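**Student:** fold the following, please.
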Amino acid sequence: MIQPNYCALNSAKFLKRQSKVRVETGFPDVEEVKKPISVFAKSFITSRENSAEKTTVKAKVSFTFVYLSDDGYKKVNAECDAFSELDADCSFVESFVTDVKLLTSNGFIGVASVVFVGCKKEENQFSVLQNSDGVVCKSKEIDVDIYYNEKQGDQLITDEFNLDFTVGEVLSYQANAYLTSVNCGLGKIILEGETLLTVKALPFSENNDIVKETKVIPFRYELESDDSLPDMKCFAIVNVSSTNLKIFADENKQKSSVSVDIKLAFSGVLVGSEKMTVVTDAYLKNFECDLKKVDIERLCFKERKRFHEKVLCQGEAALDGGRILAVLGECVNLVSAKSDGGVVTVDGIVKADVVFKNSDNGIVNVPCDRPFTFDFSENGEIFGLNLCLSGLNARVRNGEIELETHLEVSYNSFENERFTCVEEITKLGERNRLGSAISVFVASAGDDLWDVAKRLGSDEEEILKYNGDLTFPLSGDERIILYRQKI
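**Tutor:** From the prediction side, this is the model:
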């Protein structure tokens, strides 16, 4: 009796959703501006609401305007909110700022574009044949990824350290974070990484030099997840959601103490796995049949990968006789990542304001906006590529400004698996059988044992029983003998 057995096979893929909004805000309490030096901005996601069809996101955008007045360098901050909707139920929502400008036609106004990026999981479900009574099946065992719901959490990290000079004015500070390892434990996702804090400050001195201090702060966070087991896989992201810096300057000791609070936001998704058997081909011994097949293409998560990359960008002309004082407002934006033949090509843009002191001791700002490209090897599909700026140095080479940019690169690696399986089998009429007790069949070149058994409506064991000298795949010159009981 023929009893086909069917089951559901889920296939998931991930799609990027993106939106872009323009924001602007005025800078209050700006003293007499002798010369604008730099304006830059950073965004921090403050809330997210998900529904079946959209994701509503709110971010805080913090602007910093550095300028020269008669009293030297000055800095003023301003904030505004950014709202956007992504047209899907998204996880791993991030934001970044681009196109930052200063408008001076009516006061001093900072404008920028805030880009929101999210990840949508799209699932397709197929009904496929499994091993069934009365059906001869050619089967394949596959691993099926099971994606659990996104988990989120926050961590406040604090640190204190000393500077060997007395800070007069903090011109800018920013924190970037990246993950160095993501592991599953019992009931938790274990996330480890580093936060890179960069402070640009003016000492109490007469030379107006800007001092850059960098501090690496490690972190470890356990994201609660009841379904997590040590043998599972997962992928995750970390974002800085706020940074607060306090400086205590001691003029007598010519030192300063720094206290910083950095709030990190984590998101993680568990990936489980289960074995499943699907049928790639089938036939009936005594009946002709019709097979309906479906081509399956699916992504199987392998691991989260990371590496360090150094890129050099040249372009803008340097000032003759000038020296570089500082780099302000540095940031990196990803433009595209394309895979071709096992090589991923990444294109991006590095932006910074390079501050010079010219030969007349005047201060000049040179905006730099340079593209960069680098390649890396990856045989699988990539998703969630992230570039974290871990350092930027500017120098003059051959009359041009060269930006040495250090990036922490991370991404999710997926294996793209393609196969065909049987979606439905339909019984037709009886097979035509020869009446003789012994039958001889002529093979076709390239046939394997399954092809022969399917064509003859027999068992693989039966064919090998009477044709033990066959070597597969066949050349086409063989003769295959079958013995049947004559009724």
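
**Student:** tell me which element the closest residue to Ser11 other than its chain neighbours falls in.
**Tutor:** With sequence-adjacent residues excluded and distances taken as Cβ to Cβ, 6 or more residues apart in numbering, Ser11 is closest to Arg298, at 4.0 Å. Bear in mind the C-beta positions are built from the backbone N, C-alpha and C, glycine included. For Arg298, the host element (DSSP states H and E) is strand 287-317.

**Student:** state the mean pLDDT of the helix or strand that comes right after that strand.
**Tutor:** If you walk from strand 287-317 toward the C-terminus, the next helix or strand you reach (DSSP H and E) is strand 323-340. Here strand 323-340 scores 91 as its mean pLDDT.

**Student:** so what does strand 323-340 touch, helix or strand wise?
**Tutor:** Using 3 or more Cβ pairs under 8 Å, 6 or more residues apart in numbering; DSSP states H and E as the contact criterion, the elements in contact with strand 323-340 are strand 35-50, strand 91-103, strand 167-185, strand 343-357, strand 381-397, strand 400-430.

**Student:** and the angle for it with strand 287-317?
**Tutor:** Here strand 323-340 runs at an angle of 160 degrees relative to strand 287-317 (axes from the mean of the first three to the mean of the last three Cα atoms, to 10 degrees).

**Student:** if we can go back for a sec, how much space separates the residue nearest to Ser11 from Asn252?
**Tutor:** Separation of Arg298 from Asn252 (Cβ to Cβ, to the nearest Å) stands at 67 Å.

**Student:** out of those two, which sits in the more crowded spot?
**Tutor:** Arg298 (20 against 6; other Cβ atoms under 10 Å).

**Student:** part of a helix, is Gly468?
**Tutor:** No. Using DSSP: H, G, I helix; E, B strand; the rest coil, the assignment for Gly468 is coil, not a helix.

**Student:** what score does it have for pLDDT?
**Tutor:** For Gly468, the model assigns a pLDDT of 85.

**Student:** can you list the domains in this protein?
**Tutor:** What automatic domain parsing lists as the domains of the chain is 14-134, 135-283, 302-416, 433-483.

**Student:** those domains: which one's closest to Lys293?
**Tutor:** Evaluated over these, closeness to Lys293 peaks at domain 135-283, with 8.4 Å, by Cβ to Cβ.

**Student:** dig out what Lys138 forms beta bridges with.
**Tutor:** Listed by DSSP bridges, the beta-bridge partners for Lys138 are Asp281.

**Student:** low-confidence ranges in the stretch 251-400 of the chain?
**Tutor:** Under the criterion of pLDDT under 70, the regions of the stretch 251-400 of the chain flagged as low confidence span 319, 321.

**Student:** how about the strands in the stretch 151-300 of the chain?
**Tutor:** 151-163, 167-185, 188-203, 211-224, 233-250, 255-283, 287-317 (DSSP state E, counting those that start in this stretch).

**Student:** remind me which helix or strand the closest residue to Asp447 other than its chain neighbours belongs to.
**Tutor:** Taking Cβ to Cβ, 6+ apart, and ignoring the residues beside it in sequence, Asp447 has Leu474 as its nearest neighbour in space, at 4.6 Å. Of the helices and strands defined by DSSP H and E, none includes Leu474.

**Student:** from Asp281, how far out is Leu474?
**Tutor:** Using Cβ to Cβ, we find Leu474 at a distance of 17 Å from Asp281.

**Student:** ends of stretch 219-232, what's the gap?
**Tutor:** The stretch stretch 219-232 measures 22 Å between its terminal residues, going by Cα to Cα, to the nearest Å.

**Student:** before we move on, what about stretch 276-293?
**Tutor:** Using Cα to Cα, the gap from the first to the last residue of stretch 276-293 comes to 17 Å.

**Student:** for that stretch, buried residues please.
**Tutor:** Neighbour-count burial for stretch 276-293, counted by 16 or more other Cβ atoms under 10 Å, picks out Met276, Val278, Val279, Thr280, Asp281, Ala282, Tyr283, Leu284, Cys289, Lys293.

**Student:** so which of the residues you listed comes closest to Asp448?
**Tutor:** Within those, proximity to Asp448 (Cβ to Cβ) peaks at Asp281, which comes in at 11.0 Å.

**Student:** in terms of helices and strands, where is Arg455?
**Tutor:** Taking DSSP H and E as the definition, one finds Arg455 inside helix 449-456.

**Student:** buried stuff in whatever helix or strand Leu129 lives in?
**Tutor:** Leu129 is located in strand 109-133, with elements delineated by DSSP H and E. Applying a neighbour-count criterion of 16+ other Cβ under 10 Å, one finds 109-121, 126, 128-130, 132 buried in strand 109-133.

**Student:** what are the pairing partners of it, and which direction each?
**Tutor:** Sheet pairing of strand 109-133 (DSSP bridges) gives strand 3-26 (antiparallel), strand 91-103 (antiparallel).

**Student:** so which of these gets nearest Val440?
**Tutor:** The closest of the strands paired with strand 109-133 to Val440 is strand 3-26. By Cβ to Cβ, the value is 32.8 Å.

**Student:** follow-up on the earlier one: any chance of the domains of the chain in JSON lines, plus distance to Glu424?
**Tutor:** Conversion of the domains of the chain to JSON lines gives the following (distance: least, Cβ to Cβ, whole Å):
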{"stretch": "domain 14-134", "distance to Glu424": "7"}
{"stretch": "domain 135-283", "distance to Glu424": "10"}
{"stretch": "domain 302-416", "distance to Glu424": "25"}
{"stretch": "domain 433-483", "distance to Glu424": "17"}
